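Peer 1: Predicted model and sequence below, questions to follow.
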Amino acid sequence: MLAGTSALGHSISGSDKLSTTTVGTHSSFSSTRESGKCCSMHRHFHEYVCNLMSTYRPYILCRILAMILLALPLVFPNSAAAQSQPRAEVSRAGQSAKVHMDQGKAQMDKRRFAVAIRSFSAAIRRDPRLSEAYLLRGKAYDQVGLPQKAIKDFTRYIELHPSDPKGYILRGDAKNFNLEHEAATQDYTAAIKLAPSSASAYLGRGLAYAGMAKYDNAIKDYQWVLKINPNNAEALGNMGIACMLANRPVEAMSYFEKALEHETNPQWRAKIQQWTEQLLQGASAAKRGTKGPTR
């Protein structure tokens, strides 16, 4: 009966727009002996479909079948429709994370760091393994003066990419900002092992050594940077500061003069000029046999 007409004589193929594939599927289930609760549910569901087809007129059947198709993933969890749902949800989650990432990057460009943090947090909620989100949110936390939160994000990035020196350098910078100089040197050293020619790693470690008053170690690290790039203004300025604090004023003056040739940041130029004046005043006071100014 199902292969040709329903109980009321309505055709279930051709003009009624019902594919015989649906009927064939029912026949195959009817001819299979099934056992257990799941098989019983399948059987009752198909009997329910047949009853609907024999009761309602064809122009209503399309609407009813559409509702049934929506219920298929619940009745047949192994069906293609059920299996496609998780994939679709993952796809939507990925797209949503990307949208939040793009929004966060746009806010970073505008220096609206607090708003960017919210966007990156939303991206992480949708994709907890999105490493770039941790990296950028850590930078944003650093910018708003929350180094501990930045350290936590950079740590997560390192867990996801242990061979990337960038994570160690950024975490070292955050630790330096948080006055954790000893821990910072460990991160910079790890970065140097991964990238021996990284000027950023040597600069950061030099700053950490200077923060611990280990000026000779700091000077050695700045010298490595200047071997890589003799015109690095930041290394020249830091070298001048380290030499000044190590009571090596002549060397400090030389490095400050070179730093002024390459430094373009007005604030740092003003600072270097200020330190140069201090050195000159100290030298003049020394000649007069008086104590020079302290920094």
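Peer 2: Sure, I can see it. Residues are numbered from 1 along each chain as shown.
Peer 1: Residue 158: which element?
Peer 2: Taking DSSP states H and E as the criterion, residue 158 maps to helix 147-160.
Peer 1: cool, residue 189 as well?
Peer 2: For residue 189, the secondary-structure element it belongs to, assigned by DSSP H and E, is helix 181-194.
Peer 1: Kindly calculate the angle that that helix makes with helix 147-160.
Peer 2: Note on geometry: by axes from the mean of the first three to the mean of the last three C-alpha atoms, to 10 degrees, helix 181-194 and helix 147-160 are set 30 degrees apart in direction.
Peer 1: What helices and strands are in contact with helix 181-194?
Peer 2: In terms of contacts (3 or more C-beta pairs under 8 Å, 6 or more residues apart in numbering; DSSP states H and E), helix 181-194 is packed against helix 165-177, helix 199-211. C-beta coordinates here come from the backbone N, C-alpha and C atoms, glycine included.
Peer 1: Give me the buried stretch members for it, please.
Peer 2: Along helix 181-194, these residues count as buried under the neighbour rule (16 or more other C-beta atoms under 10 Å): 181, 184-188, 190-192, 194.
Peer 1: Let me see the mean pLDDT of that helix.
Peer 2: Per-residue confidence for helix 181-194 averages out to 98 on the pLDDT scale.
Peer 1: Also stretch 272-292?
Peer 2: 73.
Peer 1: do stretch 228-238 as well
Peer 2: So the average pLDDT for stretch 228-238 ends up being 93.
Peer 1: ok, residues contacting it?
Peer 2: Contact with stretch 228-238 is made by 197, 199, 202-203, 206-207, 210, 218, 222, 225-226, 255-256, 258-259, 262-264, 268, 271-272, as judged by C-beta atoms under 8 Å, 6 or more residues apart in numbering.
Peer 1: And the residues you listed, which of them are buried?
Peer 2: Among those, those that count as buried by neighbour count (16+ other C-beta under 10 Å) are 199, 202-203, 206-207, 210, 218, 222, 225-226, 255-256, 258-259, 263, 271-272.
Peer 1: List the contacts of the nearest residue to residue 182 once chain neighbours are set aside.
Peer 2: Closest residue to residue 182 in three dimensions, ignoring its sequence neighbours and counting by C-beta to C-beta, 6 or more residues apart in numbering: residue 212, at 6.7 Å. The neighbourhood of residue 212, defined by C-beta under 8 Å, 6+ apart, consists of 181-182, 185.
Peer 1: circling back to that earlier point, out of the buried residues of helix 181-194, what pair is the most spread apart?
Peer 2: 181 and 194 (20.7 Å; C-beta to C-beta).
Peer 1: and residue 127, what are its phi and psi?
Peer 2: When read as degrees, to the nearest 10, the backbone of residue 127 gives phi -140, psi 90.
Peer 1: How about the secondary structure of the nearest residue to it once chain neighbours are set aside?
Peer 2: When the adjacent residues along the chain are set aside, residue 127 lies closest to residue 97, with 4.2 Å between them (C-beta to C-beta, 6+ apart). Counting by DSSP: H, G, I helix; E, B strand; the rest coil, the backbone at residue 97 sits in helix.
Peer 1: so what's residue 97 scoring on pLDDT?
Peer 2: The per-residue pLDDT reported for residue 97 equals 89.
Peer 1: That one is in contact with residue 130, isn't it?
Peer 2: Yes: under the criterion of C-beta atoms under 8 Å, residue 97 makes contact with residue 130 at 5.8 Å.
Peer 1: what residues do these two have in common as contacts?
Peer 2: Contacts common to residue 97 and residue 130, judged by C-beta under 8 Å, 6+ apart, are residue 123.
Peer 1: where along the chain do the helices fall?
Peer 2: The residue ranges that make up the helices of the chain, judged by DSSP state H, are 20-30, 36-55, 58-75, 80-109, 113-126, 131-143, 147-160, 165-177, 181-194, 199-211, 215-228, 233-245, 249-262, 266-287.
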